[in-house]
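Undergrad: mind folding the following:
(one chain, ligands or ions: 1)
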Amino acid sequence: MNSAHRDRVALYSLGGTIAMTPQPSGGVAPALSASELLGAIPGLAETGIQVDVHDFRRLPGASLTFHDLIELAHHIDRQISDGVDGVVVTQGTDTIEETAYLLDLLHTADAPIIVTGAMRSATAASADGPANLLAALRVAASPSARRLGCLVVFADEIHAARYVRKTHASSLTAFTSRPGPIGYVAEDEAHILLRPEPGPKPTIVDQDRLPRVAVVPAILSDDGHLLGTVAERVDGLVVAAFGVGHVPAAWVPTLAETAARIPVVLASRTGAGSVHTNTYGFPGSEKDLLARGLISAGALDPYKARILLSLLLAGNASRADIATAFTQA
Ligand code: ASP
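TA: Next comes the predicted model:
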């Protein structure tokens, strides 16, 4: 940093455990403002980062909506046009793997968006919020994070939005990625080890008419009755299939009929690895389902596949566009 330039970061607080304090009615709930979150960081002034605060929402992660996130993406665009070097979003960890991916899909500017949160509430012993927020601010201000879209910074690791998942309910290191974090924060600096290619960038046409997309998991001994009920009520469907893309044989007629009407995406519920294309040949195998018109999610997990399909449908994407976007993702 030279004396003429101070890195400028916009901080948006959306609530979550990082902002939660004990309530008279019992339990913790979102209460702290963005300024209060900053006030809990030792040594912030010494970083030289100027932080512009925005109290955007005060919600648990589970209650955030697509509308909240789309509005946030517009605010972020304006801040970036106004010259901020990066953006930090604090929110509930429960939905970070989805919100970060949604922001990543909508984000085209060079300045990075960094999402973080905390596993322990603000007044808990060894609350992790201040350290996570400080690391997120450092990454947001770092030139090395530019052109990486939306990242998740947690426990000093830097994750690409498209790979990150919350894989533990309560651990301080709840966030993991396959193939692994793309970088880390050490000695006050962001270190980027991998630079993934940018993914698809859908454009929403009408944000007042967002499609309804369901995720239906394949589960043992399921006869497909619930699948059929859901499939009649949605604009798009993601199947969270077994293994490399398998479902019970009883599902095949419903899936074939549904895929002829609406986009049906085939994802793996395993949490890592890709849907295969050409290995298994039984009814309900990946080969069978792809031949019946399902679209492979590749390595994208079912929850992220739902976000991508939702935004593509919100942009009136054709079936061919959808297939291309999933290949790119
Ligand atoms: N456990 C959550 C959190 O970290 C609760 C939420 O998502 O708001 O914030």
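
Undergrad: show me which residues of this structure sit near the ligand.
TA: For the chain, the contact set with the ligand under C-beta under 6 Å from any ligand atom comprises 16-17, 60-62, 92-94, 117. For every residue, glycine as well, the C-beta is placed using N, CA and C.

Undergrad: tell me which two in those residues are the farthest apart.
TA: Using C-beta to C-beta, the residues of the chain next to the ligand span at most 12.5 Å, a distance reached by 62 and 117.

Undergrad: which one's more surrounded, those two?
TA: Neighbours per residue, other C-beta atoms under 10 Å: of residue 62 and residue 117, the larger number sits with residue 117, 30 against 9.

Undergrad: in contact with that one, which residues?
TA: 16-18, 61, 90-93, 96, 129, 132, 154 (C-beta atoms under 8 Å, 6 or more residues apart in numbering).

Undergrad: now it: how far from residue 100?
TA: The spacing between residue 117 and residue 100, counted by C-beta to C-beta, to the nearest Å, is 10 Å.

Undergrad: now the helices for the stretch 151-300 of the chain?
TA: Assigned by DSSP state H, counting those that start in this stretch, the stretch 151-300 of the chain shows helices spanning 225-231, 252-259, 286-291.

Undergrad: can I get those helices in a markdown table with mean neighbour count?
TA: Listed next are those as a markdown table, based on neighbours: other C-beta atoms under 10 Å:
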| stretch | mean neighbour count |
| --- | --- |
| helix 225-231 | 15 |
| helix 252-259 | 19 |
| helix 286-291 | 20 |
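
Undergrad: tabulate the ones you listed (TSV), appending distance to residue 299 and mean pLDDT.
TA: Listed next are these as TSV, based on distance: least, C-beta to C-beta, whole Å; pLDDT from 0 to 100:
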stretch	distance to residue 299	mean pLDDT
helix 225-231	23	98
helix 252-259	21	98
helix 286-291	13	98
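
Undergrad: export those as a markdown table, with columns for distance to residue 68.
TA: Listed next are the helices of the stretch 151-300 of the chain as a markdown table, based on distance: least, C-beta to C-beta, whole Å:
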| stretch | distance to residue 68 |
| --- | --- |
| helix 225-231 | 24 |
| helix 252-259 | 29 |
| helix 286-291 | 34 |
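
Undergrad: select, out of those, the one closest to residue 197.
TA: Residue 197 lies closest to helix 286-291 among the helices of the stretch 151-300 of the chain, at 23.6 Å (C-beta to C-beta).

Undergrad: hang on, residue 106 packs against residue 201?
TA: Yes - using C-beta atoms under 8 Å, residue 106 makes contact with residue 201 at a distance of 7.5 Å.
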